Structure formats: structure tokens, C-alpha cells
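J.: structure, please.
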Amino acid sequence: MSLAFDVYQPRKIVNVHKHVDGPWFWNRYSAHPYVGCRSGCEFCYLRGGRYLGKRDPSTFDTLIQVKSNSPDLLRKELGRLTPDVISLGDWQQPAEDRYRLSRAMLEVALELGFPVLIVERSPLLVRDVDLLVEIQKKSWVCVVWSFSNLDPALKRAFEPRSPGLGRRLQAMERLAAQGILVGASLMPILPFVGDDEAHLEEAVVATRDHGGTFVLAGGLSMAGVQADRSLAAAATLDASLVPRWRQMYRWQDGGPPGDGPPPDYAARLGAVVRELCSTHGLRDRIPRFIGTGPRSANRRIAERLFLKTYDLELMRAEPYRIWAYRRAAWTVDEWPKDLAGAYGTYGDKALKELPGIGSSLAAEIGGWLRASAPYP
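T.: Modelled structure (predicted):
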């Protein structure tokens with residue numbers, strides 16, 4: 001399969017998200033130097049939607065668009081933003097071998113003091129361990145190694161051209177040895193073939209044995225053009241998967257599938273991974289980078305609120321309760337005043353300023369603040 005590069009200069013590189021991505025990856029910004037991916041995994045949700053724009057989705061893995069001015073744009077745009085976690089780079093080969101834009105973007109993040117999150121499948125990232133160590137000293141860096149599972153048969157069916165699973169684990173171990181926060185993202189977990197406890201525990205144990213300290217887990221998305229490709233890949237593995245997947249995703253002939261698996265299934269998956277992580281001494285969430293400054297308490301409280309939303313999702317709580325915590329997390333995280341300082345001066349009255357937060361949630365937040373500081 002031939003590969004072509006299209007070099008161009010976009011006008012903008014940094015995506016500023018409306019809210020921090022809690023309680024998952026905790027990034028507020030993202031910036032990536034390439035569009036398209038040579039690995040071309042069959043289940044990749046980036047084949048469609050806004051990512052490729054007006055491009056033909058079939059060119060996802062045969063045409064790599066190269067944003068040649070990525071480092072310069074990044075320096076210019078980050079210089080106008082408040083430092084916060086940015087998801088950065090793309091170490092896919094052979095694009096990064098040729099253009100080295102991801103390394104140059106790390107240099108910018110280091111220069112400007114931005115904490116960096118990297119979600120990656122390519123062991124080429126190890127090449128830049130020197131920069132990662134320097135970013136870690138100056139602010140914070142977290143590397144999330146992405147793999148669906150460690151089953152060779154599933155890899156052959158769904159991601160035959162992605163980097164080897166053993167190489168990814170070895171890269172994780174090398175970064176962990178340098179004191180870098182690393183873990184795994186089991187996304188997507190494949191229904192009925194990769195979601196049993198044996199597959200999940202194998203991935204959790206391998207993460208622990210290679211220096212990882214957390215494992216995230218998420219089900220298969222069938223929104224967009226990758227749905228047919230995912231289903232076709234499943235058929236090559238086991239034809240009986242086709243009707244089972246169609247039923248799970250409410251996929252009628254002639255119509256689109258549901259975007260994601262049923263909530264009960266997603267909650268069960270998360271609960272199983274949480275229990276396995278607990279058994280093997282890992283977290284099932286990334287610890288948030290807080291940093292220093294007068295609003296650090298806001299972030300700590302927001303982290304707890306975000307984590308509570310995930311707890312409630314696993315418990316299949318009522319949606320209104322989940323949304324109450326999520327809205328409160330956004331409010332506290334984005335509140336312009338120092339919540340700890342205000343609480344120290346005004347007590348519970350300070351919490352009444354927070355919009356959309358009821359008395360029970362305010363009381364819970366007040367309890368957290370009192371437990372973390374010498375307030376009466």
C-alpha cells in the first residue's frame with residue numbers, strides 16, 4: 001500500500017477545549033502535527049468526522065498531511081495561553097522519521113513550561129526521552145501507551161500495521177525507568193473477544209510489570225465510517241461476532257449503529273478494570289497534574305468532583321446525579337477566584353458564590369476544604 005505526504009501550513013495548531021478532559025486525560029489543550037495515520041487500525045474513530053475534514057476516509061492511512069509550521073505556530077499560540085496540560089505530538093512512522101515535528105513541539109513545550117500529555121502507540125517516542133525528562137523536571141509529563149489488548153490474533157485482525165505490542169511495553173518500561181509517569185489506555189476494548197477478565201487482567205499485569213501505574217479502559221465506538229470496517233475485521237476473526245455486535249450496537253440493516261456500547265456494559269467494563277487495578281496495585285485513573293499557585297485548591301477539588309462522576313457512572317447512578325457532579329467540577333475548575341483562600345476568610349459563605357451548586361454539594365466541598373487546610 002503506497003503512502004503519500006501532503007505538506008502544508010495551517011493557520012492554527014492548538015485546540016482549546018471548552019473544559020478540561022476530566023476524569024480521563026486531564027488535558028485542556030491539544031496540538032498534533034499530522035492528519036492521517038499509517039497504522040490504519042480498523043477500529044480507529046479518527047477515520048471520519050471533523051478530524052479528516054472533507055477528505056475521503058479511505059485515504060486515512062495512505063495520505064499523511066504534514067503541518068510543516070507546527071512548532072512555530074505552537075510557540076506563537078501557547079505564548080498567549082495560560083499554562084495547562086496539552087496533549088501533544090504524533091510519533092507515527094515514517095512521518096515523524098522524516099519530519100521530526102513532534103520532537104520540535106516538545107522543545108516548544110519545554111521552553112514555555114507547559115505540562116505535556118502524550119497518548120501514543122509508537123515506540124519511536126523513546127527517541128525523545130531526553131526532552132521528556134527535562135519537561136518532567138520543569139513541569140509535568142505523562143505518557144499513555146495505547147493498546148486494545150495483548151492478544152496477537154486480535155492485533156492481526158484489527159490493527160495489523162500498528163507497532164508491535166511487545167515493543168510498546170518495552171518503550172513503556174524505558175520511560176518508567178527515567179521516572180516518567182506512564183500507564184496504559186485499553187481503548188477500544190473489543191466486545192466478546194477482548195473484554196473477558198483473562199484478556200483484561202493480562203493487560204493490567206503487563207502494564208504493572210513494565211512500570212505503568214494506571215490503566216484506563218473504554219469500549220468500542222461505532223460512530224462513523226469505521227463501523228463497517230470494524231465489523232468486517234470482526235468477521236475475519238469469527239463470523240458469529242457480526243450478529244452479536246449488531247445487537248449490542250442496536251444496528252439494524254440499512255441504518256446506523258449506536259455510537260457506543262450500552263451504558264450497563266460500559267459500567268461493567270469499568271468496574272472489572274477497576275477491581276483488577278486494585279488487585280494489582282494500579283490506579284484506574286491518571287492522577288491529575290495540579291501545579292502550584294493560588295488556584296491549586298480549585299483543581300484539587302475539581303479533580304475529586306470529576307472522579308466522583310466516574311464513580312457514579314460505574315454505579316449506574318441516576319443521570320441527574322452524575323451531571324450535578326460534572327457541572328460542579330467544571331464550575332470549580334474554572335472559578336477565577338482562589339476557593340481555598342475565600343473559604344478560609346468567609347467559610348461556607350464563599351461556596352454560595354459558586355453558581356449551580358446545591359447545598360449538599362457545597363457541604364461536601366466544604367468538608368474537603370476543611371480536611372485539607374487548618375480551617376475551623
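J.: from now on I want contacts and neighbour counts done on CA atoms only, so please keep to that.
T.: Will do.
J.: in the host helix or strand of Ala227, what counts as buried?
T.: Per DSSP states H and E: Ala227 is located in helix 226-237. Using 16 or more other CA atoms under 10 Å as the test for burial, helix 226-237 gives 226-234.
J.: likewise stretch 204-212?
T.: 204-205, 207-208, 210-212.
J.: then stretch 260-279?
T.: Quick answer for stretch 260-279 (16+ other CA under 10 Å): 260-261, 266-267, 269-274, 276-277.
J.: which among the buried residues of stretch 204-212 gets closest to Asp311?
T.: Val204 (19.6 Å; CA to CA).
J.: which strands and helices sit next to the helix or strand hosting that closest one?
T.: According to DSSP H and E, Val204 maps onto helix 197-209. Identification of packing neighbours for helix 197-209 by 3 or more CA pairs under 8 Å, 6 or more residues apart in numbering; DSSP states H and E yields strand 181-189, helix 263-279.
J.: CSV for the ones you listed, including mean pLDDT and distance to Phe5?
T.: CSV is the format used below for the helices and strands packed on helix 197-209 (pLDDT from 0 to 100; distance: least, CA to CA, whole Å):
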stretch, mean pLDDT, distance to Phe5
strand 181-189, 97, 28
helix 263-279, 97, 38
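J.: and the least confident of the buried residues of helix 226-237?
T.: Ranked by pLDDT, the buried residues of helix 226-237 bottom out at Gln226, which has 89.
J.: can you tell me which residues contact that residue?
T.: Neighbouring residues of Gln226 by CA atoms under 8 Å, 6 or more residues apart in numbering: 42-45, 47-48.
J.: ranking these by neighbours, who comes first?
T.: Ranked by the number of neighbours (other CA atoms under 10 Å), the contacts of Gln226 place Arg47 first, at 26 neighbours.
J.: output stretch 313-332 as CSV - backbone C-alpha positions only.
T.: This file holds the C-alpha atoms of stretch 313-332, laid out as CSV (Å, rounded to 0.1, in the frame of the first residue of the first chain):
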residue,chain,number,x,y,z
GLU,A,313,-21.1,6.1,36.2
LEU,A,314,-19.8,2.8,37.3
MET,A,315,-22.6,2.5,39.9
ARG,A,316,-25.1,3.4,37.1
ALA,A,317,-26.4,6.2,39.2
GLU,A,318,-29.2,8.5,38.1
PRO,A,319,-28.1,10.8,35.2
TYR,A,320,-29.1,13.9,37.2
ARG,A,321,-26.6,13.0,40.0
ILE,A,322,-23.8,12.4,37.5
TRP,A,323,-24.5,15.7,35.8
ALA,A,324,-24.7,17.6,39.1
TYR,A,325,-21.1,16.5,39.9
ARG,A,326,-19.8,17.1,36.4
ARG,A,327,-21.3,20.6,36.3
ALA,A,328,-19.8,21.3,39.8
ALA,A,329,-16.4,20.1,38.6
TRP,A,330,-16.4,22.4,35.7
THR,A,331,-17.6,25.3,37.8
VAL,A,332,-14.9,24.8,40.5
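J.: distance from that stretch to the middle of the chain?
T.: Distance of stretch 313-332 from its chain centroid, counting by CA atoms, centre = their mean, to the nearest Å, is 19 Å.
J.: CA atoms only: put stretch 119-136 into CSV for me.
T.: Provided in CSV are the C-alpha atoms of stretch 119-136 (Å, rounded to 0.1, in the frame of the first residue of the first chain):
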residue,chain,number,x,y,z
VAL,A,119,-1.1,9.2,24.1
GLU,A,120,0.9,7.0,21.8
ARG,A,121,1.3,3.6,20.1
SER,A,122,4.7,4.2,18.6
PRO,A,123,7.9,3.1,20.4
LEU,A,124,9.7,5.9,18.4
LEU,A,125,8.8,8.2,21.3
VAL,A,126,11.7,6.7,23.2
ARG,A,127,14.0,8.6,20.9
ASP,A,128,12.9,11.8,22.7
VAL,A,129,13.3,10.6,26.3
ASP,A,130,15.8,13.4,26.9
LEU,A,131,13.2,16.0,26.3
LEU,A,132,10.6,14.2,28.3
VAL,A,133,12.9,14.1,31.3
GLU,A,134,13.5,17.8,31.0
ILE,A,135,9.8,18.6,30.8
GLN,A,136,9.2,16.4,33.8
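J.: picking up where we left off before, could the helices and strands packed on helix 197-209 be laid out in JSON lines, adding distance to Glu134?
T.: Below are these laid out as JSON lines (distance: least, CA to CA, whole Å):
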{"stretch": "strand 181-189", "distance to Glu134": "13"}
{"stretch": "helix 263-279", "distance to Glu134": "29"}
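J.: out of these, flag the one nearest Trp24.
T.: strand 181-189 (10.0 Å).
J.: what pairs with that closest one, parallel or antiparallel?
T.: In the sheet, strand 181-189 lines up against strand 141-146 (parallel), strand 215-219 (parallel) (DSSP bridges).
J.: in CSV: these, plus mean neighbour count and mean pLDDT.
T.: Below are the strands paired with strand 181-189 laid out as CSV (neighbours: other CA atoms under 10 Å; pLDDT from 0 to 100):
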stretch, mean neighbour count, mean pLDDT
strand 141-146, 23, 98
strand 215-219, 22, 97
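J.: as a markdown table, those strands with distance to Ala104 would be great.
T.: Shown next, in a markdown table, are the strands paired with strand 181-189 (distance: least, CA to CA, whole Å):
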| stretch | distance to Ala104 |
| --- | --- |
| strand 141-146 | 16 |
| strand 215-219 | 28 |
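J.: all strands of this structure, in order?
T.: 4-8, 15-16, 29-31, 34-35, 63-67, 86-88, 116-120, 141-146, 181-189, 215-219 (DSSP state E).
J.: who are the packing partners of the fourth one?
T.: I take that to be strand 34-35. Taking 3+ CA pairs under 8 Å, 6+ apart as the contact cut, strand 34-35 packs with strand 63-67.
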